[in-house]
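Q: I need the structure of the sequence given here:
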Amino acid sequence: MLTMGIAVAAMSILTACGGDANADTSEKGPPKQSAAEQVENSDPAKVWGKYKTTKIVGGDKDVKALFADTSVAVTFHEDTGVTIAAPCNGMSGPVTLDGGTLVVGGTGLTQTMIGCPDERQDQDEFLSEFFRSEPKWELAGTTLTLSSSVGTVTLEPRSGE
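A: Purely as a prediction, here's the structure:
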């Protein structure tokens, strides 16, 4: 009888400390990525490829109108870096993607020097400043998002090329 009393007391203590075993303990909000998904989405090898911009937002500049009806082609080359086909000039340079940060290396971005109308020149200047700002990158599915204090650039894979 003493053994039964100890067992009942132990169960009572465990239940009181552990709460209701049937309670809903799931977190509200978006599902969290598993550790494997986080590693996969932070693998720089997954970033290499051809993209187009789907959204460009300025940090402290209003660039929405500047990039209205404009798509910028961005290609990440595993061996040579990045190529940016802006509406007027093209840019390229070596990059690293380690540690979740895109860093333009060497002497920076080289750029063609085509004379552009003011609006196109402003686009080139924003893109050059943005890519030199060491944006953080995040890959969610096929969407690549680059973010820094200069702004946020959202990219999707280009198809049919």
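Q: low pLDDT regions in the protein?
A: By pLDDT under 70, the low-scoring segments of the chain are 1-42, 160-161.
Q: show me where it has helices.
A: Remark: helices assigned in the chain by DSSP state H are 2-18, 35-41, 118-132.
Q: Which stretches in the protein count as strands?
A: 49-58, 73-77, 81-85, 90-93, 95-96, 103-104, 110-111, 136-140, 143-148, 151-157 (DSSP state E).
Q: Can you lay out those as TSV showing distance to D43 and mean neighbour count?
A: All C-beta spots, glycine's among them, are computed from the backbone N, C-alpha and C. As requested, the strands of the chain are exported to TSV (distance: least, Cβ to Cβ, whole Å; neighbours: other Cβ atoms under 10 Å):
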stretch	distance to D43	mean neighbour count
strand 49-58	13	17
strand 73-77	13	18
strand 81-85	17	18
strand 90-93	22	19
strand 95-96	14	16
strand 103-104	17	18
strand 110-111	28	14
strand 136-140	8	15
strand 143-148	12	19
strand 151-157	16	19
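Q: Distance to L66 for the ones you listed - can I get that in CSV?
A: Converted to CSV, those look like this (distance: least, Cβ to Cβ, whole Å):
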stretch, distance to L66
strand 49-58, 8
strand 73-77, 17
strand 81-85, 15
strand 90-93, 16
strand 95-96, 24
strand 103-104, 21
strand 110-111, 17
strand 136-140, 22
strand 143-148, 17
strand 151-157, 11
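Q: Figure out which of those strands is closest to E125.
A: strand 110-111 (10.0 Å; Cβ to Cβ).
Q: in terms of contact count, name the helices or strands touching that closest one.
A: Packing partners of strand 110-111 (3 or more Cβ pairs under 8 Å, 6 or more residues apart in numbering; DSSP states H and E): strand 90-93.
Q: show me what contacts the residue most central in space within the chain?
A: Geometric centre of the chain, nearest residue: E138, 2.3 Å, by Cα atoms, centre = their mean. Neighbour list for E138: N41, G100, L144, T145, S147 [criterion: Cβ atoms under 8 Å, 6 or more residues apart in numbering].
Q: show me the contacts for the third one.
A: If a contact means Cβ under 8 Å, 6+ apart, then L144 has V47, Y51, W137, E138, T154, L155, E156 as its contacts.
Q: make it 6 Å
A: Listed by Cβ atoms under 6 Å, 6 or more residues apart in numbering, the contact partners of L144 are L155.
Q: and the gap between it and M113?
A: Distance check for L144 against M113: by Cβ to Cβ, to the nearest Å, it reads 28 Å.
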